[in-house]
Each structure stands twice: as C-alpha cells, then as structure tokens.
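Chemist: A structural model of the following input is requested.
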Amino acid sequence: MIKTNTVLVLGAGASMAYGLPSGKELRALVCVGLKPGGQVRSTLALADFGGSSFHEKTIDSFHHALTNSQPSSIDAFLAKRKDLVSIGKQAIAAALLPCERNDGLFGDWDNRTLKPPSQPIEMNTFSFRAGHARPGCGHWYKMLVDKMEPEEEFEENNL
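Modeler: The predicted model follows:
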C-alpha cells in the first residue's frame, strides 16, 4: 500500500525493461521507417491525423532534417525543431505502435523474461527485438504493483 502522496517521474529508459526501444533506438526506428517504402512513411502518408495526412514533400523534409541532425534522440531533435513537432510526434507513434505488447508488462518477472519471445521488427536495415527484457533494466512496474497490493485496497493508494 502506498500511503504517502507519490508522483512517479520516469525517464525514457524506464520502458526498455518491457521491450520498448531506448531513445537512440527510437530515433533509428523513425529514420529507417521514413525511407521510401518504410512503415513510418506509409503511416504518415496514409493515416488521417486530425483531418489530413502528411504530404510526401513534408515527410521527405522531416526525414532529411532528422537524419542529418546531431542529437542522439528524436526528443532532443524536436526540442530544437519546434516546426517539426507535429509530424515528429506522429512519426514516434507510428514507430512505437508495433513495439507495444501487453505481455511485456505481465511477463515472468521472477525470471526476468517476457512471454512469449517476439520476432524482431524488421524496418529495412534496422532490426529491433521488441518485447525482449533487457539486462540491467529493473522491472519497476512489478515493484509498483507489489507496493499497491492487496487488490481489494488498490484504490486507496496515494499515487
């Protein structure tokens, strides 16, 4: 039970234990996915984001700017390029969607493995094994749930 008022502040690496990419891996997923025929490019060109999709020229400009930038993460890039935040957020969502898996949160915590092992996400030349536990990444979600037990008192937690 969490009895004192508590706020969680999690860094980008907090999701790595659950099979999501690091900031550097996310940047690579987006860059490769923005290439012609890439999954991120297709999603941005075809999907309806708030009334319209992104035009190929806009996607090309974003891809060129991101690929030729120095920041190691897409977040650092977007902090400097406010004009590209809208397409950047959509590109992040398009790259992360195939990585999300419920079994990453509810895997075999005691043995620090996830069930079942996933296939790599292939995005042209970049391969990322979504859903695989990372060495050295603690399972903070399990620790949090353990602190919030028992289930019948769950809503009384101050989180």
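
Chemist: where does the chain have low pLDDT?
Modeler: 11-12, 47-52, 101-141, 149, 152 (pLDDT under 70).

Chemist: for it, what spans make up the helices?
Modeler: For the chain, helices defined by DSSP state H occupy the ranges 23-33, 39-46, 56-67, 74-80, 85-96, 140-147.

Chemist: between these, which gets nearest to Val9?
Modeler: Among these, the nearest to Val9 by Cβ to Cβ is helix 140-147 (11.5 Å). C-betas here are computed from N, CA, C, even on glycine.

Chemist: which residues touch the closest one?
Modeler: Helix 140-147 is contacted from outside by Met1, Ile2, Leu8, Leu10, Ala14, Ala17, Tyr18, Leu105, Trp109, Asn157, Leu159, using Cβ atoms under 8 Å, 6 or more residues apart in numbering.

Chemist: can you count the residues close to the fourth one?
Modeler: This points to Leu10. 9 (other Cβ atoms under 10 Å).

Chemist: for it, give its distance to Ala17.
Modeler: Counting by Cβ to Cβ, to the nearest Å, the separation of Leu10 from Ala17 is 11 Å.

Chemist: got it, and the third one?
Modeler: For Leu8, the distance to Ala17 under the criterion Cβ to Cβ works out to 14 Å.

Chemist: out of these two, which sits in the more crowded spot?
Modeler: Higher neighbour count among Leu8 and Ala17: Ala17, with 24 against 8, using other Cβ under 10 Å.

Chemist: hang on, the earlier thing: can you redo the contacts of helix 140-147 as a markdown table with distance to Ser53?
Modeler: Converted to a markdown table, the contacts of helix 140-147 look like this (distance: Cβ to Cβ, whole Å):
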| residue | distance to Ser53 |
| --- | --- |
| Met1 | 48 |
| Ile2 | 43 |
| Leu8 | 35 |
| Leu10 | 32 |
| Ala14 | 32 |
| Ala17 | 34 |
| Tyr18 | 30 |
| Leu105 | 31 |
| Trp109 | 40 |
| Asn157 | 42 |
| Leu159 | 38 |
